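# Return atomic coordinates for the entry below.
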Amino acid sequence: MTPTLILLIAYFAVVLLAARFFSRRVSDLKDFFLAGRSLGSFPVALTLAASWFGAASTLGSINAFHDQGLSGAWQIVLPSILSFIIITLFMAKPVARQNFMSQPEAVEAHYGKLGRLLLALIILASGTVLISSQMVVAGKFFQLMFGLDITWATIISTAVVVSYAMWGGYFTVVVTDIAQIIFIVAGFLVLLLFTSSEAIPTPAAWQHFITQQPPHFWNLTHQWQQNIFLVFTFVLAWCIAPEMWQRMSSTRNEEQAFRAGWQALLVMLLLFGMITAIGLLSTQLLGKNDAVLIALAQRIPNPFLCAFVLMGFLSAVTSTMDSTMNVGSLTLTRDIYQSFLRPHASTRELIWAGRIATVLIVLPAMAIALYFQDLIKILWISADIYASCMFIPVVGMLYLKHPGRLSGVLGMTCGGMIVLLSILFQNHLVPDILHWPDWPYSTLLGVGFSGLGFGVGYWLSRRQPAPAKSASVIPDMG
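Next up, the predicted model:
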């Protein structure tokens, strides 16, 4: 039995035991999805960083630095850092101030029942795609390491994550995320030390490394014109993502949420600093490679250190996957099942509905993962949905006192129409008779139409008496 397999079995065994233990602490939906709103800033910061630092931040970023040099930071690193700054300064306190369990529930208070349904569907669509992006990488990891068929590799890796996420809910996600972020930091530190010792063993080798690279390698502004639109797209999507909303909502108060944002930013700066160095130094050791991270780890002569690095990478993937599963389960349970189907369901029934929803959310995600098998393509679809449909309505809800119901509904609808057309045209599902712009430019079109719909709705709402807030919002549990 290989060291990687031994570590993998031990790791998942501990995680499953933790899930069963924390399932006993779940007494209502607030426990299952928000840890009872009892968390301090540091655990929230760690789980936020772990949920953010997934396949694209690790494998994708290292590949980008390896292929493009310093300008590879535009793909994931710079958008992530900018997003965390915006979240901390402008989102953390307003979100923590909202006395609602979910994002769609808060939307209902401003945009009505239809607004809640639309946002729930948007979150489910984007979350499903995001889960599938992590499935793609987890499946390829299991396939590469253990020689499994890609379908079975994807099913097995997903089943393990579902098995612990469905029992303990957010409690388990937070605890496992904290353990996973420790694995991630330690694993990438080992990889950085190995890569630097192999790539630049002497001062002369360091000088050679600096001077032998092509001119654009050290130029952060290389191709900045096209990269700035990518940054714009991802920042708009991620700074209002429901995973961030859930974590800020689980803090004890606004100050804890604000502090969690800064602490998470420091953790991300540490992680991305290591990722940047590993990606740049890897050019001394590897040629063109689609999985630089894994190829570097396999060069480590000590099998247990190699396994430790690979477990750090897998922890990054699963921490993002379980967080998105939990958000999807919250949306299905609170905003679809309870809000529209079973408003008077018992607490026990709702907790079991949340566990079943955790399973249901992964089924369409698995179909997408097996169909596309392309991390970046899947990730941009998810970002496109969030940015085009959610950004303007969510920001309007947080910063306008009376945005009007039509503004949110029209903003989400107009943005959603553009996203649908983008998916159809850019994946050649229908003939591109309109010469549709490629991503990320298509996202600008989506955000623009969403803003237009929001503005029209706001103008129409100003011409009518302000309606009373929705009385159908289900009271906060517990």
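# Flag the shaky bits of the stretch 1-150 of the chain, pLDDT-wise.
Residue ranges of the stretch 1-150 of the chain with pLDDT under 70: 1, 4, 18-20, 22-26, 145, 150.
# Please enumerate the helices of it.
For the stretch 1-150 of the chain, the helices defined by DSSP state H, counting those that start in this stretch cover 3-23, 29-34, 41-52, 55, 61-68, 77-86, 92-97, 103-146, 150-199.
# so the nearest residue to residue 430 once chain neighbours are set aside is in which element?
Nearest non-adjacent residue to residue 430, counting by Cβ to Cβ, 6 or more residues apart in numbering: residue 424, 4.7 Å away. (C-beta placed from N, C-alpha, C; glycine too.) Following DSSP states H and E, one finds residue 424 within helix 405-426.
# List the buried residues in that helix.
405-419, 421-423, 425-426 (16 or more other Cβ atoms under 10 Å).
# go on, stretch 347-356?
347, 350-351, 353-355.
# Measure how far it is from the centre of its chain, please.
Counting by Cα atoms, centre = their mean, to the nearest Å, stretch 347-356 is centred 24 Å from the centre of its parent chain.
# Could you do stretch 247-265 as well?
On the basis of Cα atoms, centre = their mean, stretch 247-265 sits 17 Å off its chain's mean C-alpha point.
# Stretch 319-337 too?
For stretch 319-337 - counting by Cα atoms, centre = their mean - the centre lies 12 Å from the chain centre.
# Show the average pLDDT along that stretch.
In this model, stretch 319-337 has a mean pLDDT of 89.
# can you give me the end-to-end distance of stretch 69-85?
24 Å (Cα to Cα, to the nearest Å).
# what comes into contact with that stretch?
52, 56-57, 60-61, 63-66, 213-214, 216-224, 227-228, 230-231, 234-235, 238-239, 261, 264-265, 268-269, 272, 275-276, 279-280 (Cβ atoms under 8 Å, 6 or more residues apart in numbering).
# List only those of the residues you listed flagged as buried.
Buried, going by 16+ other Cβ under 10 Å: 52, 56-57, 60-61, 63-66, 217, 222, 227, 230-231, 234-235, 238-239, 261, 264-265, 268, 272, 275-276, 279-280, out of those.
# among these, which are in strands?
With strands defined by DSSP state E, no entry of these lies inside them.
# What residues does the residue positioned nearest the centre of the chain make contact with?
By Cα atoms, centre = their mean, the chain has its centre lying nearest to residue 52, at 5.1 Å. Shown in contact with residue 52 (Cβ under 8 Å, 6+ apart): 80, 84, 238, 243, 264, 268, 320.
# what's the farthest-apart pair in these?
Using Cβ to Cβ, the contacts of residue 52 span at most 15.2 Å, a distance reached by 84 and 320.
# With neighbour numbers in mind, choose between these two.
Shown here are residue 84 and residue 320; by other Cβ atoms under 10 Å, residue 320 has more neighbours (29 against 26).
# And the more buried one, how far from residue 314?
Separation of residue 320 from residue 314 (Cβ to Cβ, to the nearest Å): 11 Å.
# three-state assignment of residue 430?
Following DSSP: H, G, I helix; E, B strand; the rest coil, the label given to residue 430 is coil.
# Can you report phi and psi for it?
phi -140, psi 160 (degrees, to the nearest 10).
# Once you drop chain neighbours, what's closest to residue 345?
Nearest to residue 345 is residue 338, by Cβ to Cβ, 6+ apart, at 5.9 Å.
# Provide the secondary structure category for the residue of the chain most remote from its centre.
The centre of the chain is farthest from one residue, residue 204, which by Cα atoms, centre = their mean lies 41.0 Å away. Using three-state DSSP, the structure places residue 204 in helix.
# Name the nearest of the buried residues of stretch 347-356 relative to residue 256.
Using Cβ to Cβ, the buried residues of stretch 347-356 come closest to residue 256 at residue 354, 24.5 Å.
# wait, the closest one sits on residue 169?
Yes - counting by Cβ atoms under 8 Å, residue 354 touches residue 169, with 6.5 Å between them.
# hey, what's in contact with both of the two?
Common neighbours of residue 354 and residue 169 (Cβ under 8 Å, 6+ apart) are 32-33, 329.
# Near residue 401, how many other residues are there?
Based on other Cβ under 10 Å, the number of other residues close to residue 401 is 6.
# you'd agree it is in a strand?
No - secondary structure of residue 401 (three-state DSSP): coil, not part of a strand.
# What is the burial count for residue 200?
17.
# Run through the helices of the stretch 201-350 of the chain in chain order.
203-212, 224-238, 242-249, 254-281, 292-298, 303-330, 347-372.
# got those helices as CSV, with distance to residue 90 columns?
Listed next are these as CSV, based on distance: least, Cβ to Cβ, whole Å:
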stretch, distance to residue 90
helix 203-212, 39
helix 224-238, 12
helix 242-249, 12
helix 254-281, 10
helix 292-298, 33
helix 303-330, 21
helix 347-372, 29
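# quick one, which of the ones you listed is nearest to residue 165?
helix 303-330 (4.5 Å).
# for residue 125, what are its contacts?
Taking Cβ under 8 Å, 6+ apart, one finds residue 385 in contact with residue 125.
# if I look at it, how far off is residue 360?
On the measure of Cβ to Cβ, residue 125 and residue 360 end up 14 Å apart.
# For residue 270, the count of nearby residues, please.
14.
# for it, what are its contacts?
residue 185.
# how near is residue 296 to residue 459?
55 Å.
# ok, the two, which is more surrounded?
residue 296 (26 against 12).
# Quick check, the more buried one in contact with residue 284.
No - Residue 296 is beyond contact range of residue 284, at 10.8 Å (criterion: Cβ under 8 Å).
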